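Colleague: got a predicted structure here, sequence first:
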Amino acid sequence: MTLPVLASEVAAHLWQSTAIAVLAALAASTFLRRSEARVRHGVLLAASLKFLLPFSAVIALGASIGSLAPAVAPMPEPIRVVIDQAGSVPAPLAAPLARYGDTTTVAAVPVLPLLLAVWAIGIAIVLLSWARQWRHVRRYIRGAAPLMTIGGVPVLSSVRMREDRCEPGLFGLVRPVVLVPEGIEQRLTEGEFNAVLVHESCHARRRDNFMAAAHSVVEAIFWFHPLVWWLGRRLREERERACDEAVIARGVDADTYARAILSTCRFYVESPFFAVAGVGGADLRRRIEGIVARHLGRRLTTAQHAAMTGIAVAAIVIPFALGVMTTSLRAQAGNSFVGLQTSASRRFDVASIKENRSGDPGWRLGPPNRGTESIFNLELRRIVASSFRIQDKMVFGPDWMDAVRYDIEAKGSPTANSPEVWEMMRSLLAERFHLKYHLETRVLPAYVIVVARGGHKLVKGEDGECAEAIKSGQSSCDAIQFLPFGMGIRNMPVAAFAAGVARRLQDRPVVDRTGLEGRYDARVLWRPDDATPEQLAQLPADSRPPDVNIFEAFEQQAGLRLEARREPIEVLVVDHIQRADEN
């Protein structure tokens, strides 16, 4: 995964997790404010743990399950395309995208390594703090003596805790123990000391140390996010209130319990260690008021319980189902107009492969013709993308794939149609370039083509430039047209238009969401900010673009909208590839 894609993924995950955390906090402060503290704690903890689970991972899991279903067989009809010819076409899109598109990724590229370094330093600081705290904990435990047992949890008396005036607490994750300062039973009455031990046994029964450790992991990874630290404070507050309610519910005298907490806070300081549940902490005044009033939160009603369960299930099921559906509809989910193809049983009879070191920027990717394929000076990544019938940005592999260019002349059976020739190309990549890969679904920044409000302005293929050719049964008319300041299609599906736009934009995949079927003619011209009068003067009048950007051009000239979104897209990840065995 490249740094720009990684930055985009992280940004999406952060805003999604932040939104869920804000909603959870609002729920805890409004319709759950009179509920049991353990319920509010559970809701806030779920919001915290969401930071560890990106929705994109759930979508990818759904896609992997969906990919196990039988795939729809590709259309037997050969796709006749004249595509990507003459690489001398200028690249006029940088300025319009900088003004109208999403440029976060482009702008962030030079800064990303520095940000990653700062992030890693922050994590290291948090981890060092943890290590220092655990040294103190081990020191407390090492010199502690057995005192008694409460609820199956050992209670140890620590001399060092008495010296540091550290309050009692539950220490440890796997085999927790209650540590108390030596002599605490002399400072508290028997009833107060018993109330403190019951409080700590409630922490043990609730696995509060383990849950606190889970949130500590979130704090370590997202140390830069203030909402994460705010969640930590709220979790500690609700954790202590939940134990207060549990202690009162177990029949401990409320006044004695309140005095136990106040006395403990009087003689000892709050435990400074992470993943340690003590006695003090949280809003002490509110806690004491709640204890003395014998406040017990309300249990969830059936409706509240059903609503919370439904929300939790939906948060997992919806992205999972989206991944499954994306895979089953992958031909409409961002792949090229043919759809991602992986079969590779057919082979060319003869193939010549030469690395092109001319430095010439021009290139040619000829359409399959009677079992042959001719490629001139094309980058390896583009060769892979074209062979698998996907867009360039859907191929993830080593950076050198963009720097190495090849000339390929290959011949197979003269009766082979276009899909069969591309299958031969995939076999060639496996045999001569030693390509190994896997497929996965990633949520990526993409441009989505949708129909504008007024409807599309495309011309049906049988009514367009290829009308006579279609009537006479000719197939040479179909084409994707790359123009100096625009592009078009003749008698091609809209998804072919998306594939062509993706080849011109180059910064992200383009997804067809128009729902239009059949073949069309379309032509879109736009003027980039850096177009010079001299360039425009050299163009024929019918190819001279109006003074509009690409987004305006799509809507005005084709009745389509080009929108920047994040979409789940099936991509090809290169596990291994090497320079070709030339001949």
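Modeller: Yep, it's here.
Colleague: wait, Arg565 sits on Val448?
Modeller: Yes - with contact defined as CB atoms under 8 Å, Arg565 counts as touching Val448 (5.0 Å). To be clear about C-beta, it is placed using only N, CA and C from the backbone, and glycine gets the same treatment.
Colleague: which of those two has more residues huddled nearby?
Modeller: A side-by-side neighbour count of Arg565 and Val448, using other CB atoms under 10 Å, places Val448 first with 19 against 14.
Colleague: tell me where the model's unsure across the stretch 301-450 of the chain.
Modeller: The model of the stretch 301-450 of the chain has pLDDT under 70 over residues 323-341.
Colleague: the strands in it, which residues?
Modeller: Per DSSP state E, counting those that start in this stretch, the stretch 301-450 of the chain carries strands over the ranges 350-355, 364-365, 372-379, 395-396, 405-411, 436-451.
Colleague: ok, Thr372 - contacts?
Modeller: Glu409, Ala410, Lys411, Gly412, Val421 (CB atoms under 8 Å, 6 or more residues apart in numbering).
Colleague: ok, those vs Val174, which is closest?
Modeller: Within those, distances to Val174 taken as CB to CB reach their minimum at Val421, with 60.3 Å.
Colleague: the nearest residue to the closest one once chain neighbours are set aside: neighbour count?
Modeller: Using CB to CB, 6 or more residues apart in numbering and skipping the chain neighbours, the partner closest in space to Val421 is Pro368 (3.5 Å). Residues lying near Pro368 (other CB under 10 Å) number 23.
Colleague: if you average pLDDT over the longest helix belonging to the chain, what comes out?
Modeller: If you go by DSSP state H, the chain has its longest helix at helix 112-142. On average, the pLDDT along helix 112-142 is 86.
Colleague: how far out from the middle of the chain is it?
Modeller: 26 Å (CA atoms, centre = their mean, to the nearest Å).
Colleague: so when I look at Leu156, I'm seeing a helix, right?
Modeller: No - using DSSP: H, G, I helix; E, B strand; the rest coil, the assignment for Leu156 is strand, not a helix.
Colleague: what sits against the nearest residue to it once chain neighbours are set aside?
Modeller: Leaving aside its chain neighbours, Leu156 sits nearest to Ala144 (3.6 Å; criterion: CB to CB, 6+ apart). If a contact means CB under 8 Å, 6+ apart, then Ala144 has Leu156, Ser157, Ser158, Val159, Met161, Val177, Leu179 as its contacts.
Colleague: please produce a markdown table containing the strands of the stretch 301-450 of the chain, extended by distance to Thr18.
Modeller: Converted to a markdown table, the strands of the stretch 301-450 of the chain look like this (distance: least, CB to CB, whole Å):
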| stretch | distance to Thr18 |
| --- | --- |
| strand 350-355 | 48 |
| strand 364-365 | 44 |
| strand 372-379 | 38 |
| strand 395-396 | 27 |
| strand 405-411 | 44 |
| strand 436-451 | 17 |
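Colleague: of those, which is nearest Arg286?
Modeller: strand 436-451 (41.8 Å).
Colleague: distance of the closest residue to Glu36 other than its chain neighbours from Ala220?
Modeller: With CB to CB, 6+ apart as the criterion, Glu36 has its nearest non-adjacent residue at 3.5 Å, and that residue is Gly297. Gly297 sits 31 Å away from Ala220, going by CB to CB, to the nearest Å.
Colleague: what touches both of Arg565 and Val448?
Modeller: By CB under 8 Å, 6+ apart, no residue touches both Arg565 and Val448.
Colleague: from Leu45, how far off is the residue nearest to Leu156?
Modeller: 30 Å.
Colleague: Ala306: how many residues sit nearby?
Modeller: Residues lying near Ala306 (other CB under 10 Å) number 11.
Colleague: now Val494
Modeller: For Val494, using other CB under 10 Å, the count is 25.
Colleague: show me what contacts it?
Modeller: For Val494, the contact set (CB under 8 Å, 6+ apart) comprises Ile449, Leu458, Asp512, Thr514, Leu516, Tyr520, Ala522.
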